[in-house]
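Sequence plus predicted model, see below.
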Amino acid sequence: MSIDGGELRYRLGERQPKIALVLGSGLGGLVEAVEDPLRIPYVEIDGWPVSAVSGHGGELVCGLVGGVEVLVLSGRVHAYETGNAAAMRPALEAVKGLGIDRLVLTNAAGSLREEMGPGSVMLIEDHINFSGLNPLIGEPSDARFVGLTEAYDVEFRAALTASATDENLPLHRGTYMWFSGPSFETPAEIRMARLMGADAVGMSTVPEVILARFLGMRVAAASVVTNFAAGMTGAELSHAETKEMAPRGGEVLARILSRALPRMVA
Ligand code: HPA
């Protein structure tokens, strides 16, 4: 289903955001960083995918972050909600339709690295799609053969890294591995993920990266670590923990983004 871009354009009035930001589980607090916010609930936009996952907002928030006009997607639909890995396609097409060709994706993730504990932020440099899913399955055009050699924009990564340095905040870098979820991984799967080169694991972001590259958008992505991955501490994992821990790293990420966004639209 495609979204009536005219209606969305009308709702935004004079505002002309050039970059969009997708907020992950428990990261709705980043909306607090938006100045002069214009809020549009997803349910008011015909065809907009709405997540039923707790800890996820459900609105577009347009306003200023670091002095830059941003369109924030507070809440996203996950492939595990319906089995549809392309669930976010109408939303990303609508964003692109507004003339926005830059996208920052955020998520909550489990860490595979001892030195990257809960509250850490990891810049995603590359990913491993371990879900068996792909949002472009069924896309009939040759455009489906999207190259992902440089999926995560080099200049965006440099902007985020420099901004973290300026703010004197630690920013880890690594590879994010997409598991479909919604169950968490087993300790054996985490040992495998480590052998395969993953630094963090999660249940989102990769399908949106693929879709955004398909749509010709430039992409950056960051994980907020909410827990050590399964088997690393012996503790059981839970969504409650994800929601509780995400705001910690979310604050760090908000500060880095406030500095980075002006560089990313320059
Ligand atoms: N695994 C998958 N997804 C997650 C995790 C995890 O450990 N933590 C937060 N989201």
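The structure has been received and is ready for your questions.

roughly how far apart are L133 and the ligand?
15 Å (C-beta to the nearest ligand atom, to the nearest Å). Where C-beta positions appear, they are placed from N, C-alpha and C, glycine not excepted.

what's the answer for L98, then?
Using C-beta to the nearest ligand atom, we find L98 at a distance of 29 Å from the ligand.

and that residue, how many residues sit next to it?
Look at L98: counted by other C-beta atoms under 10 Å, it has 18 neighbours.

Is it correct that it is in contact with R15?
No - using C-beta atoms under 8 Å as the test, L98 is too far from R15 to be in contact (9.5 Å).

what kind of secondary structure is the residue in the chain sticking out farthest from the centre in?
Largest separation from the mean C-alpha position in the chain: G234, at 27.8 Å (C-alpha atoms, centre = their mean). At G234 the chain is in coil, as set by DSSP: H, G, I helix; E, B strand; the rest coil.

any idea how far the residue lying closest to E35 once chain neighbours are set aside lies from G5?
Of all residues not flanking E35 in the chain, L64 sits nearest, at 4.3 Å (C-beta to C-beta, 6 or more residues apart in numbering). Per C-beta to C-beta, to the nearest Å, L64 is found 23 Å from G5.

Show me what the residue in the chain that the ligand sits nearest to is bridged to.
The minimum distance from the chain to the ligand, using C-beta to the nearest ligand atom, falls at G110 (2.1 Å). Note on G110: beta-bridge partners by DSSP bridges are V201, N227.

my guess is it meets A200, correct?
Yes - between G110 and A200 there is a contact at 6.5 Å, judged by C-beta under 8 Å.

Now for the two: what residues contact both?
225, 229 (C-beta atoms under 8 Å, 6 or more residues apart in numbering).

Just list what the longest helix belonging to the chain packs against, helices and strands only.
If you go by DSSP state H, the chain has its longest helix at helix 239-265. Packed against helix 239-265, as judged by 3 or more C-beta pairs under 8 Å, 6 or more residues apart in numbering; DSSP states H and E, are the following elements: strand 19-23, strand 59-65, strand 68-74, strand 102-111, strand 121-129, helix 154-166, strand 218-228.

Now do the buried residues in it.
Buried residues in helix 239-265, counted by 16 or more other C-beta atoms under 10 Å: 239, 241-243, 245-261, 263-265.

what's the answer for stretch 29-41, then?
Within stretch 29-41, judged by 16+ other C-beta under 10 Å, the buried ones are 29-31, 33-34, 37, 40.
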